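Novice: Sequence first, predicted coordinates after that:
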Amino acid sequence: AGEPLTGEAVEALQGLRDALKEGAALAERLAALLTAAEIEALRARVGSLLESGRHPEPSGEWPAIPWPPV
């Protein structure tokens, strides 16, 4: 948490950002599975990660571990 993203991670996120653009193949496929709000939230999260350039830190609003435990 809080550590800088690697160059490889940034490249992957940039590719994902492009693949999620309106009309892109991945965006079209996801539209059949997710709501428009969910896709927009995904775009926003990718954008936030690219903007910060760092791994996110827990917000404190949710447990910092997968929940419920698997």
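Specialist: Here it is on my side, so go on.

Novice: so what does the lengthiest helix in the chain touch, helix or strand wise?
Specialist: Ranked by residue count and defined by DSSP state H, the top helix of the chain is helix 36-52. If you count contacts as 3 or more C-beta pairs under 8 Å, 6 or more residues apart in numbering; DSSP states H and E, helix 36-52 packs onto helix 7-19, helix 25-31. Where you see a C-beta, it was placed from the backbone N, CA and C, and this is true even at glycine.

Novice: So which residues make contact with the first one?
Specialist: Which is helix 7-19. Applying C-beta atoms under 8 Å, 6 or more residues apart in numbering, the contact partners of helix 7-19 are L5, A24, A25, L26, A27, R43, V46, G47, L49, L50, G53.

Novice: quick one: which of the helices and strands packed on helix 36-52 is nearest E57?
Specialist: Proximity of the helices and strands packed on helix 36-52 to E57 was assessed by C-beta to C-beta; the nearest stretch is helix 7-19, lying at 15.8 Å.

Novice: Just the angle for the closest one relative to helix 36-52, thanks.
Specialist: Helix 7-19 and helix 36-52 are oriented at 140 degrees to each other (axes from the mean of the first three to the mean of the last three C-alpha atoms, to 10 degrees).

Novice: Centre of the chain to helix 7-19, how far?
Specialist: Distance, stretch centre to chain centre, for helix 7-19: 10 Å (C-alpha atoms, centre = their mean, to the nearest Å).

Novice: just stretch 47-57 next, same as before
Specialist: Centroid displacement of stretch 47-57 relative to its chain, using C-alpha atoms, centre = their mean, is 9 Å.
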